[in-house]
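A.B. asks: Turn this into a model:
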Amino acid sequence: MDIRPLTPTYAVSPQIEPGDLAAIKAAGFTTIIDNRPDGEIPGHLQTAAMRAAASALGFDFVANPIIGGAMTAANVTAQAAAIAASTGPVLAYCASGNRSSVVWALAHAGKMPTDDLIAIPAKYGYQLEHLRAQLMAKGG
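C.D. replies: From the prediction side, this is the model:
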């Protein structure tokens, strides 16, 4: 498990497993967002299994699957809504954390400076410079 905090209330991670959830809970997270489509992963890591394991520990669990290279406006809206509805820190995961970083940046365009939306994920190796024009168009 490799939690990468983008803000004090939102972190991203590569794929997590049910065995990671107790440590995630101990770290103070209250909401988990699954940004991975089931077609990418084995059954024991798919949405239903992860939702059951997370719910058993009291997490709010949101499935917002993002297909690599095919993120939609609905994905961005759903991520923003899940973040806003959370009662505490959010952990979003995908294969590497990149999609969870991109959807976070797009959800915060116009609410945070574009330079920050690019620089913060870059600390963890997520390159979002290619989104600069899109982020700026949304008022960032």
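
A.B. asks: Look at residue 5 and give its secondary structure.
C.D. replies: strand (DSSP: H, G, I helix; E, B strand; the rest coil).

A.B. asks: Excluding chain neighbours, give the residue nearest to it in space.
C.D. replies: Excluding the flanking residues, the one nearest residue 5 by Cβ to Cβ, 6 or more residues apart in numbering is residue 11, at 4.3 Å. Bear in mind the C-beta positions are built from the backbone N, C-alpha and C, glycine included.

A.B. asks: Buried ones in stretch 37-45, by neighbour count?
C.D. replies: 37-38, 41, 45 (16 or more other Cβ atoms under 10 Å).

A.B. asks: Quick check: of these, which lies closest to residue 68?
C.D. replies: residue 37 (8.7 Å; Cβ to Cβ).

A.B. asks: Chain neighbours aside, what residue packs nearest to the closest one?
C.D. replies: Closest residue to residue 37 apart from its sequence neighbours, by Cβ to Cβ, 6+ apart: residue 65 at 4.0 Å.

A.B. asks: Residue 115 - how many residues pack around it?
C.D. replies: 12 (other Cβ atoms under 10 Å).

A.B. asks: Quick one: residues in contact with the helix or strand where residue 52 lies.
C.D. replies: Assignment of secondary structure by DSSP states H and E places residue 52 within helix 47-56. For helix 47-56, the external contacting residues (Cβ atoms under 8 Å, 6 or more residues apart in numbering) are 16, 18, 21, 32, 34, 38, 43, 61, 63, 65.
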